[in-house]
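*Asks:* coords please:
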Amino acid sequence: MSAAGTPATPGGPGAVDLSFVDLSIVVPAYNEERRLAPTLRTIRAHLGSDPGRWGTWELIVVDDGSTDRTAEVAREAAAAEPRIKVLTSGRNRGKGHALRQGVAATRGRRVLVTDADLATPIEELDRLDKELSEGTAAALASRAHPDSAIEHRQHRLREWLGRRGNTLIRALAVPGIRDTQCGFKLFEGDPAREAFAASRLDGWGIDVEILHHFRASGLRIAEVPVRWSHQPGSKVRPLDYGRVLVDLARLRARSLRPADLAVPVLFLLCSFLLYGHLWTDLGGGYLRDSLQDQNQWEWFFAVTADNAAHLRNPLFTTLQGFPDGVNLMANTTMLGLSVPLTPVTLAFGPTATFALVLTLGTAATAGAWYWLLAKRLVASRWAAATGALLCAYAPPMISHANAHPNFVVLFMIPLIIDRALRIAEGGDIGRHGVVLGLFAAYQIFLGEEPLLLAALGMLLFALFHALVRRDVARAAALPLAKGLGIAALTTFPIIAYPLTWQFFGPQSYQHVEHGQVGNSPLALLAFSARALAGDDETAGALSINVTEQNAFYGWPLVLLAFAITVRMWESPAVRALSLTAVTAAFLSLGEEFRIPLTDMVLPGPWQLLAHRPLFESVIESRIAMICAPALGALLALAVDRLLIAERRPDRLLGLAGVAVALLPIVPTPLVVEDRPEVPAFITSGAWRGHVGEGETLVPVPLPDPGSAHALHWQTTADLGFQVPRGYYMAPWGTERQGGYGAPPRPTSTLLRDVRYSGSVPEIGELQRAQAREDLEYWRAGVLVLAPQDNEEQLRTAVERLLGEPGERVGGAWVWDVGAHR
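*Replies:* Numbering: from 1, shown residues only. Model (predicted):
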């Protein structure tokens with residue numbers, strides 16, 4: 001490194017005291033022999049036109065290893081003006097390196113960095129200087145500001161690349177700054193020197209790194225509208241946009257704390273431990289507590305992949321429920337994951353997709369909660385991790401983790417909450433509203449009911465927070481109303497057609513009548529079946545089934561939450577969170593509930609919502625799932641405070657109390673059992689000789705929500721045949737009320753009764769006529785009876801219905817009944 005234009009000593013002719021100056025200007029230059037001299041003259045002329053305003057100044061040119069006469073031009077200017085200093089580098093290192101060297105040599109109270117082309121005229125310095133005079137630490141010339149004047153635009157491709165790059169930069173490094181790359185920025189001197197000294201990037205990504213440093217230091221940054229004109233001869237090449245993204249990735253990686261790397265690994269480990277038994281036996285393992293839902297979900301993944309691979313309508317199929325078919329949008333097919341995971345399903349099978357979605361989905365959900373809590377609520381990363389673990393692995397989540405991916409893959413919910421908070425804070429309401437709308441639309445394709453529950457939880461929190469912080473509520477009301485309106489306008493075009501198909505398309509239904517399935521108050525205090533301290537008998541008595549244990553937080557955690565609320569009641573967040581949890585728990589009791597240990601039945605608050613649109617199909621006990629993130633946030637706040645407690649005994653005692661409350665609800669690995677073997681009649685492909693074109697394969701008994709193993713037959717056979725009935729949501733009756741599976745027919749009911757009772761009823765001409773009618777309706781090609789409980793009774797019933805014996809083929813009894821015979 002060499003220098004020219006050393007300032008004269010004080011007192012000599014033309015001397016300028018540069019022990020400090022009011023303004024330093026840094027101009028990085030690489031092969032700028034043609035533009036540099038006019039640029040330096042223009043800068044000097046502007047500063048000299050009003051000496052009283054700009055005071056003392058210095059101008060530092062950094063030649064970044066130019067191969068032309070750039071250094072000579074700079075030295076010639078320095079020889080004529082002692083306030084110009086020239087720094088040279090032996091080789092081209094990049095803009096970042098040049099700026100770092102230049103800013104390190106400054107002594108100005110303020111530092112301007114400007115590109116050598118002066119695409120932003122030096123006169124715009126006035127606007128930036130005014131912004132700094134109002135308390136800003138960094139003023140950025142912004143081409144994206146609505147009041148900026150773009151006099152000569154870049155090539156369309158260059159402009160498009162710049163915009164896309166800035167979108168990524170906003171998302172990953174400096175949210176809210178619309179133009180980080182404009183080469184005209186004014187900084188307060190000391191913070192600028194500190195930021196550039198700490199920088200490591202040598203390329204174009206230096207701008208992002210410096211702004212990230214300012215943000216992390218809590219310094220105010222403002223974008224300023226300017227005049228800007230593209231100048232020919234830009235040194236930014238197309239590949240440089242990619243290099244900026246590489247620099248951005250390096251910057252992002254360096255900014256991570258060790259906990260930010262360790263915590264996701266912890267979440268992945270938790271999920272793999274939870275599903276470990278399933279991963280070790282993907283070929284034959286079945287989640288015992290999923291009931292028939294694993295068969296259903298694997299079928300959903302398989303049929304979506306099949307539709308996608310063959311470019312068929314992803315919202316409908318007749319592979320199950322033949323001939324009426326299945327409205328896939330009205331069922332929980334999770335198109336937001338099942339479609340993009342089509343290659344995985346086709347390559348490795350639907351069981352692998354099912355296991356992958358559950359495992360990575362629960363870990364990603366925990367990661368999203370961790371990110372939100374660390375960003376919005378607590379300073380300690382480990383406090384955020386503790387809260388996130390409860391949010392994602394709370395007892396009701398583990399209950400659904402057996403069978404309902406749509407209720408455990410919730411990584412979008414924290415992102416939606418964060419975006420709503422950004423809108424409430426003001427800022428770029430339009431952009432945040434659009435992003436919120438896109439997030440909501442995507443969540444609809446992951447799960448509509450979880451989004452509804454999340455919206456209810458957010459509404460409860462907003463109402464309670466408004467009660468304790470009315471000033472914040474008043475300030476947020478208008479931005480929130482505008483942002484939500486923009487979000488709705490963004491979401492509607494995306495979901496309009498799918499939701500129209502869902503509610504008015506083939507096999508759509510009006511609502512689902514579940515009956516009264518609220519939580520018992522005892523369920524809020526008990527332990528779930530899969531918790532460390534739980535047992536099947538107690539939890540089973542307080543829930544409709546093992547996949548719907550929607551509360552079960554355990555009395556130690558409830559006591560801990562109460563203690564946190566009392567101890568930290570002064571916090572508005574604690575008050576709002578605790579009231580949200582209590583209200584959600586109360587709503588989950590249903591339309592009426594019995595006081596434990598008495599015969600007294602009281603009306604429940606769910607009566608207010610039970611018969612309202614959207615809520616009429618909700619299983620009300622699931623409202624208690626809202627408590628999980630509320631309790632997780634309370635736990636994070638408590639741990640965060642304990643970790644900074646002054647007295648070590650208080651800290652240790654408090655953390656021990658947290659551990660004692662959480663230990664009983666630690667989930668145990670999900671139980672896996674052997675899957676019923678698929679008959680060789682299916683796996684060998686022998687079925688193909690028994691099912692003609694347009695005909696169906698009819699399992700005995702027919703598949704329904706109680707026994708859906710035939711869906712696994714289908715996925716094993718690559719969905720080569722259609723089956724009547726099945727396990728899905730369908731319209732029942734003239735009012736088209738939603739029911740589980742197809743409406744029963746006489747033959748399906750008879751065979752089901754034989755399967756579960758073990759006795760064959762009297763079968764006469766009426767039953768045989770009904771069987772002929774049903775088989776014709778189902779377009780049956782072959783009936784297949786696999787080995788199972790009460791197999792002999794079922795075979796007898798079928799033989800009496802058809803009047804002919806079955807044939808043993810491939811380990812199953814078969815009856816050819818189709819037109820192909």
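
*Asks:* going forward, measure contacts between C-alpha atoms and count neighbours the same way
*Replies:* Fine.

*Asks:* where exactly do the helices run in the stretch 401-550 of the chain?
*Replies:* Assigned by DSSP state H, counting those that start in this stretch, the stretch 401-550 of the chain shows helices spanning 405-408, 412-424, 429-444, 448-468, 470-504, 536-541.

*Asks:* of all those helices, which lies closest to Ala786?
*Replies:* helix 405-408 (29.2 Å; Cα to Cα).

*Asks:* what's around Ala347, how many residues?
*Replies:* Counted with other Cα atoms under 10 Å, residues neighbouring Ala347 total 10.

*Asks:* Any figure for the gap between it and Leu186?
*Replies:* 55 Å (Cα to Cα, to the nearest Å).

*Asks:* Also Phe615?
*Replies:* 55 Å.

*Asks:* And for Gly361?
*Replies:* Distance, Gly361 to Leu186, by Cα to Cα: 45 Å.

*Asks:* what do you get for Ala401?
*Replies:* 53 Å.

*Asks:* next one: Gln737
*Replies:* 66 Å.

*Asks:* These two: which is more packed in?
*Replies:* Taking neighbours as other Cα under 10 Å, Gln737 and Leu186 compare with Leu186 leading, 26 against 16.

*Asks:* Settle this for me: that one is touching Val111, isn't it.
*Replies:* Yes: here Leu186 lies in contact with Val111, judged by Cα atoms under 8 Å, at a distance of 5.7 Å.

*Asks:* Please tell me the pLDDT value assigned to Gly135.
*Replies:* Model confidence at Gly135, given as pLDDT, is 88.

*Asks:* Can you tell me the closest non-neighbouring residue to it?
*Replies:* In this structure, Gly135 finds its nearest non-sequential neighbour in Arg220, 7.8 Å apart by Cα to Cα, 6 or more residues apart in numbering.

*Asks:* And for Val27?
*Replies:* Per Cα to Cα, 6+ apart, closest to Val27 is Val61, 4.8 Å.

*Asks:* give me the number of residues near the one you found?
*Replies:* 28.

*Asks:* and it, helix, strand or coil?
*Replies:* At Val61 the chain is in strand, as set by DSSP: H, G, I helix; E, B strand; the rest coil.

*Asks:* Could you pull up the residues touching it?
*Replies:* 26-29, 74, 84-87, 102 (Cα atoms under 8 Å, 6 or more residues apart in numbering).

*Asks:* Show me which of those is closest to Asp789.
*Replies:* Pro28 (82.1 Å).

*Asks:* circling back to that earlier point, now do the same contact list for the residue nearest to Gly135.
*Replies:* Per Cα under 8 Å, 6+ apart, neighbours of Arg220: 135-138, 214.

*Asks:* now swap in Leu59 and tell me
*Replies:* Contacts of Leu59 (Cα under 8 Å, 6+ apart): 24-27, 83-85.

*Asks:* Name whatever forms a beta bridge with it.
*Replies:* Ile25, Ile84 (DSSP bridges).

*Asks:* Straight-line length of stretch 507-515, end to end?
*Replies:* With Cα to Cα applied, stretch 507-515 spans 22 Å between its terminal residues.

*Asks:* Give the buried residues for it.
*Replies:* Using 16 or more other Cα atoms under 10 Å as the test for burial, stretch 507-515 gives 507-512.

*Asks:* so where do the helices sit in the stretch 1-150 of the chain?
*Replies:* Going by DSSP H, counting those that start in this stretch, the stretch 1-150 of the chain shows helices at 36-49, 51-54, 70-80, 95-104, 125-132.

*Asks:* Show me which of those helices has the highest average neighbour count.
*Replies:* helix 95-104 (a mean of 24; mean count of other Cα atoms under 10 Å).

*Asks:* and that one, C-alpha only, in CSV?
*Replies:* Provided in CSV are the C-alpha atoms of helix 95-104 (Å, rounded to 0.1, in the frame of the first residue of the first chain):
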residue,chain,number,x,y,z
LYS,A,95,-14.9,-3.1,-3.8
GLY,A,96,-15.2,-4.3,-0.2
HIS,A,97,-11.4,-4.4,0.3
ALA,A,98,-11.0,-0.9,-1.2
LEU,A,99,-13.7,0.7,1.0
ARG,A,100,-12.3,-1.0,4.1
GLN,A,101,-8.9,0.5,3.4
GLY,A,102,-10.3,3.9,2.5
VAL,A,103,-12.6,4.3,5.5
ALA,A,104,-9.8,3.2,7.8
